[in-house]
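Undergrad: sequence and predicted structure are below.
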Amino acid sequence: MPALLASVVLFVHAEVATAQSSPPFRAVTLTEGLEYPWGLAFLPDGKMLVTERPGRLRLIGADGRLDPRPIAGVPAVAAVGQGGLLDVALHPEFARNGWVYLSYAAHGPGGYGTEVARARLEGHALRDLKVIFSMRPKTTTGHHFGSRLAFDRQGYLYITLGDRGEMDRAQRLDDHAGSVIRLHDDGRVPADNPFVAVPNALPEKFTLGNRNIQGAALHPVTGVLWAHEHGPQGGDEINIIRAGTNYGWPVITYGRNYGSGTPIGEGTHKAGMAQPLWQWTPSIAPSGMAFYTGDRFPAWRGNLFVGALRGQMLVRLELDGERIVREERLVESTVGRIRDVRNGPDGFLYLLTDDGRGRLIRLEPGSGR
């Protein structure tokens, strides 16, 4: 049964990779027993909302205690393959309007696809739920749904989507797959979206050529969205998300076909297609992403943190403006598959582990063994 585990502490001192060694820290398990947790959002009162992929939205107290009652009113979720209830985000003015946003895999004509709904959180239930985005076309594959949610400083909502395992869809403007979507907070399409005036293009699209984005965060200085995506057997990427940009999948990639190891597409470069800021070959299977802006770890301020599923680690990236210059790998093969990474309002870093008894972990300053 889920329980508070504040006494369960893993002491860590990170080993040097290519970056300067991190200060000593400890990984404190606050909550365990979450069933494949996926996304995390902090409420103004210190409590947290966590999604579980089978379709539950959970409430965790500021003390780490998991409320045994799931939040009522969650939309119908298709928990198939990699799909299910995915990310959760709060409206920038949540304290005033109570809007919560959920991304999830849903049934529809032709199969499954990623959808986004918003609802007001009132007590222990969601009210006035409305679907504000529905991916089309839907297909029967069970993987590459994306999906992270992020609001920018102007209040636009970004939704990251995977190619649904049908790679050629990522280059189509009449298909939502393999792209980043940009909307107003109520689902309306912004008039300045890059493909609004392009014949037969879906106006919600903001980018194309993305494989499967499972991490997104706003740069704390520029306010521009950064994202990472899974590559195939190599070629995991970090990119800055810019209007109308083609990120190349599957025409260019640093990854290769599973099994055979043969090249995909036309190589690693092509005119008119963006190069990644950073790429991992072999793959680390990135998921979750956060810029650290707190004061608990002054040496980390401004660093970018990325969780890894296959690599079972937290990657710390040092930046020089919009360049990534150094990498350090933390808690490698220690806490498990990391699904989400969040910069907490209390200055700590929070992790979710991808497991049938997943954990909420907080990184705190502390002495190593």
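TA: Now that the structure is in, tell me what you want to look at.
Undergrad: neighbours of R172, just the number please.
TA: Counted with other CB atoms under 10 Å, the neighbours of R172 add up to 18. For the C-beta atoms, the positions are set from N, CA and C on the backbone; glycine is no exception.
Undergrad: where's it relative to E364, distance?
TA: 46 Å (CB to CB, to the nearest Å).
Undergrad: distance of S21 relative to V74?
TA: 43 Å.
Undergrad: neighbour-wise, which of the two wins?
TA: V74 (20 against 12).
Undergrad: do a quick rundown of the helices in the stretch 51-200 of the chain.
TA: 94-97 (DSSP state H, counting those that start in this stretch).
Undergrad: list the contacts for the spatially most central residue of the chain?
TA: For the chain, G215 is the residue whose C-alpha lies nearest the centre (CA atoms, centre = their mean; 3.0 Å). Contacts here follow CB atoms under 8 Å, 6 or more residues apart in numbering; on that basis G215 touches 148, 227-229, 286-289, 306-307, 341.
Undergrad: name the nearest of those relative to L90.
TA: R148 (13.7 Å; CB to CB).
Undergrad: quick one: the strands in the stretch 201-350 of the chain?
TA: 213-218, 225-229, 236-240, 278-280, 286-291, 304-308, 313-320, 323-330, 338-343, 349-353 (DSSP state E, counting those that start in this stretch).
Undergrad: which one of these lies nearest to G108?
TA: Using CB to CB, the nearest of those to G108 is strand 213-218, at 20.8 Å.
Undergrad: return the list of strands paired to that closest one, each annotated with direction.
TA: Strand pairing for strand 213-218, using DSSP bridges, gives strand 225-229 (antiparallel).
Undergrad: how about residues contacting the strand it pairs with?
TA: 148, 150, 152, 158, 160, 180, 210-219, 236-241, 247, 249, 277, 286, 289, 291, 304, 306.
Undergrad: that strand vs strand 323-330, what angle?
TA: Counting by axes from the mean of the first three to the mean of the last three CA atoms, to 10 degrees, strand 225-229 lies at 50 degrees to strand 323-330.
Undergrad: kindly calculate the angle that strand 225-229 makes with strand 236-240.
TA: 170 degrees.
Undergrad: how far does strand 225-229 sit from the chain's center?
TA: Offset of strand 225-229 from its chain centre (CA atoms, centre = their mean, to the nearest Å): 8 Å.
Undergrad: repeat for stretch 68-83
TA: With CA atoms, centre = their mean as the basis, stretch 68-83 stands 17 Å off its chain's centre.
Undergrad: hang on, the earlier thing: mind putting the contacts of G215 into CSV with neighbour count and distance to R357?
TA: What follows is these, written out as CSV (neighbours: other CB atoms under 10 Å; distance: CB to CB, whole Å):
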residue, neighbour count, distance to R357
R148, 27, 24
A227, 25, 29
H228, 31, 26
E229, 28, 28
P286, 28, 23
S287, 25, 18
G288, 29, 18
M289, 26, 24
V306, 26, 23
G307, 31, 18
V341, 27, 19
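Undergrad: for those, name the two members farthest from one another.
TA: Spatial extent of the contacts of G215 (CB to CB) is set by the pair E229 and V341 at 15.3 Å.
Undergrad: any regions of this protein where pLDDT drops low?
TA: 1-20, 368-369 (pLDDT under 70).
Undergrad: longest single strand anywhere in it?
TA: strand 111-122 (DSSP state E).
Undergrad: next, the buried residues of that one.
TA: Going by neighbour count (16 or more other CB atoms under 10 Å), the buried part of strand 111-122 is 111-121.
Undergrad: got it, and stretch 166-173?
TA: Under 16+ other CB under 10 Å, the buried positions of stretch 166-173 are 166-167, 169-173.
Undergrad: tell me the one of those nearest A41?
TA: A170 (27.9 Å).
Undergrad: how about the contacts made by that closest one?
TA: 163, 177-179, 208-211, 249-250.
Undergrad: with adjacent residues omitted, what lies nearest to Y292?
TA: Using CB to CB, 6 or more residues apart in numbering and skipping residues adjacent in sequence, the residue nearest Y292 is W300, 4.7 Å away.
Undergrad: the one you found contacts E318, correct?
TA: No. Here W300 does not reach E318: they are 9.2 Å apart, not a contact under CB atoms under 8 Å.
Undergrad: more neighbours: which of those two?
TA: W300 (21 against 18).
Undergrad: count the neighbours of L30 for me.
TA: Using other CB under 10 Å, L30 has 22 other residues around it.
Undergrad: ignore the last one, G272
TA: 8.
Undergrad: i'd like the first residue to be 25 from this point on
TA: OK, 25 is where the count begins now, so the last one is G296.
Undergrad: am I right that P133 is in contact with K162?
TA: Yes. Applying CB under 8 Å, one finds P133 in contact with K162, separated by 6.2 Å.
Undergrad: which one's more surrounded, the two?
TA: K162 (22 against 8).
Undergrad: how close does that one get to R193?
TA: 12 Å.
Undergrad: cool, R93 as well?
TA: Distance of R93 to R193, computed by CB to CB: 39 Å.
Undergrad: over to A241?
TA: 25 Å.
Undergrad: distance between the ends of stretch 357-366?
TA: Using CA to CA, to the nearest Å, the end-to-end distance of stretch 357-366 comes to 20 Å.
Undergrad: same check on stretch 126-139?
TA: End-to-end for stretch 126-139, by CA to CA: 8 Å.
Undergrad: what sits against the spatially closest residue to D91 that is not a sequence neighbour?
TA: Nearest residue to D91 in three dimensions, chain neighbours excluded: L83, at 4.3 Å (CB to CB, 6+ apart). Residues in contact with L83 (CB under 8 Å, 6+ apart) are 71-74, 90-91, 93, 95, 148.
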